[in-house]
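# dropping a prediction and its sequence here:
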Amino acid sequence: QVQLVESGGGLVQAGGSLRLSCAASGRTFSIYYMAWFRQAPGKEREFVAGISRRGNVIRYADSVKGRFAISGDNSKNTVYLQMNNLKFEDTAVYYCAADEDVNYGLGSSTDAYDYWGQGTQVTVSS
């Protein structure tokens, strides 16, 4: 089993920045990919960014390219999401996810991920 705990959410004005953290524990050696998803009220959970364990594969949703940056620190079993130039439409609960399957690459579907954190709220005021 893998446990994921997110932190770093909060209230920020449009144009501001936040950094989210996701700390993994348990069978962390089994994780090949980690990702951030978000879910706004009344909407489906959507992919934001993902990174491979080695950091050599990174993907972003088009809506956050150039504004968000995902990174990882294997020594701390932690993945980060640096969010800059935040917009009102970035308001959502942000979830960290982990994938143990190396066979299909870094996925953008919720079905690809085996473990989820509890989420952290990000609210951007306009």
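Done, it's in.

# what sits against the nearest residue to Ser7 once chain neighbours are set aside?
Spatial nearest neighbour of Ser7, excluding adjacent residues (Cβ to Cβ, 6 or more residues apart in numbering): Ser21 at 5.0 Å. Any C-beta I mention is one placed from the backbone N, CA and C, and that applies to glycine too. Contact analysis of Ser21 by Cβ atoms under 8 Å, 6 or more residues apart in numbering lists 6-8, 78-80.

# with respect to Val102, which of those is nearest?
Ranked by distance to Val102 (Cβ to Cβ), the contacts of Ser21 are led by Val79 at 16.9 Å.

# could you list every residue that touches Ser25?
2-3, 5, 77.

# apologies, that question was intended for Glu46.
Glu46 touches 37-39, 61, counting by Cβ under 8 Å, 6+ apart.

# for those residues, give me a markdown table that also has neighbour count and secondary structure.
Shown next, in a markdown table, are the contacts of Glu46 (neighbours: other Cβ atoms under 10 Å; DSSP: H, G, I helix; E, B strand; the rest coil):
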| residue | neighbour count | secondary structure |
| --- | --- | --- |
| Phe37 | 25 | strand |
| Arg38 | 24 | strand |
| Gln39 | 15 | strand |
| Ala61 | 16 | coil |
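
# which one of those is nearest Asp73?
Phe37 (20.2 Å).

# tell me, what residue is most central in the protein?
Centroid-nearest residue in the chain, with Cα atoms, centre = their mean: Trp36, separated by 1.8 Å.

# that one contacts Gly72, doesn't it?
No. Contact criterion Cβ atoms under 8 Å: Trp36 and Gly72 do not qualify, at 11.4 Å.

# what touches both of those two?
With Cβ under 8 Å, 6+ apart as the test, Trp36 and Gly72 both reach Val79.

# what is the residue nearest to the centre of the chain paired to in the beta sheet?
With DSSP bridges applied, Trp36 shows beta-bridge pairing to Ala49, Cys96.
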